[in-house]
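Chemist: Return a 3D structure for these sequence lines:
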Amino acid sequence: MKKNKTLTGKVIRGVILVVEFMMVILCIGITIRYYFETKSTYKKNAFGLTRTAAEYIDGDTIQKYLDTNEKDEYYENVLKYLRSAQNGANLKYYYVFVPTEDDVIYVWDADNNPGYCELGQHEKYMDEDSKETCKRAFKQNPEERIIINKDEKYGFIASAWSPIFDSSGNPVALVAVDMAMEGFLANLITFLAITIIIVLIASISGAIVLYRYMGRNIIDPIDNINAAAKEMVKGLESEESAQIEVNTGDELEELADSFNQMDTEVRDYIEKLKVATAEKQRIGAELDMAKEIQASQLPSIFPAYPEREEFDIYAVMDPAKEVGGDFYDFFFVDDDHLAMVMADVSGKGVPAALFMMMSKLHISNYARMGLPPHEVLEKANKAIFENNKRKMFVTVWLGILEISTGKIVASNAGHEYPVIRQPGGEFEILKDKHGFVVGAMKGSKYTDYEITLQKGGTFFIYTDGAPEAKAESKEMFGMDRLVEALNENVDASPKELLGNVRSAVDEFVGDEPQFDDLTMMGIKLL
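Modeler: Model (predicted):
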């Protein structure tokens with residue numbers, strides 16, 4: 001089960017993250033600023049000392065001291081100056097040297113401790129960076145660049161070099177200052193610690209103020225709205241309204257007002273929904289009853305005539321909605337003549353079902369009078385047209401089968417072509433002559449045609465719900481697939497035959513909803 005996280009906890013974690021982020025950014029920024037400012041101060045002081053010494057020392061004496069390796073009064077005065085400056089500025093090293101390709105040659109070294117460098121003493125460069133820096137400094141107007149090194153022999157130092165020029169303006173030596181950086185690091189760490197403490201105190205104080213502000217103006221109102229929402233859900237069945245009062249003067253107050261309005265509207269909607277649900281249930285019950293009534297009007301007990309061994313007949317009607325507009329019918333006109341009807345009413349649902357009931361009644365009544373199919377359709381068209389205010393119509397195929405001979409006298413009022421199979425053959429479409437649909441035009445005339453169904457043959461009639469069934473791609477099932485499904489087992493009984501067609505349609509359509517009523521009838525002479 002997923003653990004719920006409260007808004008308060010999220011706010012606390014968010015504030016902590018913001019404080020930590022601010023601390024890191026401030027500490028890094030302040031430390032970098034302190035580092036560069038301190039380094040700038042070191043650089044300024046170091047180059048101030050090197051330039052002063054470079055101006056004080058006579059460059060024309062340098063080569064003489066290196067050639068003779070002898071010290072005189074001027075040499076000693078310079079040495080005293082350097083030592084005085086070193087002590088006064090608290091320098092680690094203060095010296096003068098001549099850079100060469102491979103090493104440096106000392107002229108003066110202000111260090112008075114054991115191991116100091118004598119006049120003419122050679123020493124290797126500290127590292128390649130120092131060597132390159134010396135080369136760049138040993139020229140006219142060099143770039144003043146301070147170098148920071150950490151060496152086992154000399155320690156952690158910052159070095160600066162300035163050239164000494166002779167009377168001709170040529171660089172002859174470098175004045176070097178080495179400043180100890182241990183104190184710099186200690187000061188930096190102390191400064192960083194103080195900065196962290198100050199930023200931490202300020203951040204925590206700001207976080208507390210921010211949290212209290214958010215709690216009073218955001219968290220508490222949201223908690224109130226959340227509690228009211230829970231109360232509303234619990235009390236939807238009661239008459240007591242779950243109202244909330246928030247006075248923040250911002251969007252949260254607007255949200256609370258919207259919530260109060262929603263509570264009122266939801267309760268009103270629930271009342272309306274109860275009425276609508278009850279009405280829907282009533283309508284659903286009535287539709288179920290209508291479906292049962294409609295189904296009861298169609299022959300639905302099979303075998304339909306178990307005492308008649310001359311033929312086998314089977315039919316189905318699957319409405320697209322609760323009730324449909326398709327219908328089939330079959331009944332004896334006399335002992336040797338069986339009337340067969342397949343019809344499709346325009347539209348769907350309850351109106352189509354009512355129109356279907358009226359159409360079926362007229363057709364059945366006139367057919368039972370023994371009239372030929374064309375006359376049955378003409379009389380039914382007249383009766384339906386006279387009371388057809390909604391301008392609906394019905395397509396009808398009506399045939400009268402003479403059982404003893406297999407002769408079928410039929411008339412087609414705008415309906416689908418029937419499909420026939422004679423013994424030993426396959427199912428084929430019978431393209432009969434169509435008349436106009438029933439109920440749409442006054443005085444419509446229809447014609448009969450005859451066809452003989454031999455013993456062992458099968459006759460198949462249907463509505464457009466089969467060939468016009470659509471797959472997800474919007475492609476229709478079509479007549480070719482319909483005939484192919486019938487020919488899968490040409491000797492099948494009418495019930496098996498209709499089952500094969502329905503299976504083929506369902507497989508083709510897949511998960512697509514049924515769009516139209518699907519009605520079929522098959523009769524086989526035995």
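
Chemist: For Ile146, give its distance to Phe156.
Modeler: 13 Å (C-beta to C-beta, to the nearest Å). Using the backbone N, CA and C atoms, a C-beta is placed for each residue, glycine as well.

Chemist: Now list whatever residues contact both of the two.
Modeler: Residues touching both Ile146 and Phe156 (C-beta atoms under 8 Å, 6 or more residues apart in numbering): none.

Chemist: any low-confidence regions in the stretch 101-250 of the chain?
Modeler: Applying pLDDT under 70 to the stretch 101-250 of the chain flags the ranges 151, 182-188, 228-243.

Chemist: Would you state the strands of it in chain order?
Modeler: Along the stretch 101-250 of the chain, counting by DSSP state E, counting those that start in this stretch, strands occupy 103-109, 122-124, 147-151, 155-165, 171-180.

Chemist: could you dump these to JSON lines with distance to Ile270?
Modeler: JSON lines is the format used below for the strands of the stretch 101-250 of the chain (distance: least, C-beta to C-beta, whole Å):
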{"stretch": "strand 103-109", "distance to Ile270": "96"}
{"stretch": "strand 122-124", "distance to Ile270": "94"}
{"stretch": "strand 147-151", "distance to Ile270": "78"}
{"stretch": "strand 155-165", "distance to Ile270": "80"}
{"stretch": "strand 171-180", "distance to Ile270": "83"}
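
Chemist: So which of these is nearest Val419?
Modeler: strand 147-151 (100.9 Å; C-beta to C-beta).

Chemist: So for Thr31, what's the nearest residue that isn't a sequence neighbour?
Modeler: Leaving aside its sequence neighbours, Thr31 sits nearest to Leu192 (C-beta to C-beta, 6 or more residues apart in numbering; 5.5 Å).

Chemist: What's the separation between that neighbour and Ile523?
Modeler: In terms of C-beta to C-beta, Leu192 sits 101 Å off from Ile523.

Chemist: The two: which has the busier surroundings?
Modeler: Neighbour totals were compared for Leu192 and Ile523, and Ile523 leads with 23 against 16 (other C-beta atoms under 10 Å).

Chemist: got the contact list for the more buried one?
Modeler: Counting by C-beta under 8 Å, 6+ apart, Ile523 touches 311-313, 330, 338, 340, 401, 453, 458-459, 494.

Chemist: Kindly recompute the last result at 10 Å.
Modeler: Taking C-beta atoms under 10 Å, 6 or more residues apart in numbering, we find Ile523 in contact with 304, 311-315, 330, 338, 340, 399, 401, 408, 453, 457-461, 494.

Chemist: now the residue lying closest to Pro99 once chain neighbours are set aside: how far from Cys117?
Modeler: Nearest residue to Pro99, sequence neighbours excluded (C-beta to C-beta, 6+ apart): Cys134, at 4.3 Å. For Cys134, the distance to Cys117 equals 15 Å [C-beta to C-beta].

Chemist: Counting neighbours around each, name which of these two comes out higher.
Modeler: The residue with more neighbours, out of Cys134 and Cys117, is Cys134; 23 against 18, by other C-beta under 10 Å.

Chemist: thought that one was touching Asp102?
Modeler: No: using C-beta atoms under 10 Å, Cys134 makes no contact with Asp102, being 11.8 Å away.

Chemist: Quick check: neighbours shared by these two?
Modeler: What both Cys134 and Asp102 touch, as defined by C-beta under 10 Å, 6+ apart, is the set Tyr125.

Chemist: Tell me which residues touch the residue nearest to Pro99, please.
Modeler: Cys134 touches 97-100, 104, 125-126, 142, 147, 159, 161, 163, 174, 176, counting by C-beta under 10 Å, 6+ apart.

Chemist: and what of Glu496?
Modeler: Applying C-beta under 10 Å, 6+ apart, we find Glu496 in contact with 314, 488-489, 522.

Chemist: Adding neighbour count as columns, could you present these in CSV?
Modeler: Putting the contacts of Glu496 into CSV (neighbours: other C-beta atoms under 10 Å) gives the following:
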residue, neighbour count
Tyr314, 20
Glu488, 14
Asn489, 12
Gly522, 25
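
Chemist: Report the two of the residues you listed separated the most.
Modeler: Tyr314 and Glu488 (16.5 Å).

Chemist: Next step: the contacts of Glu496 restricted to strands.
Modeler: Here DSSP state E is the test, and those give 314, 522 as lying in strands.
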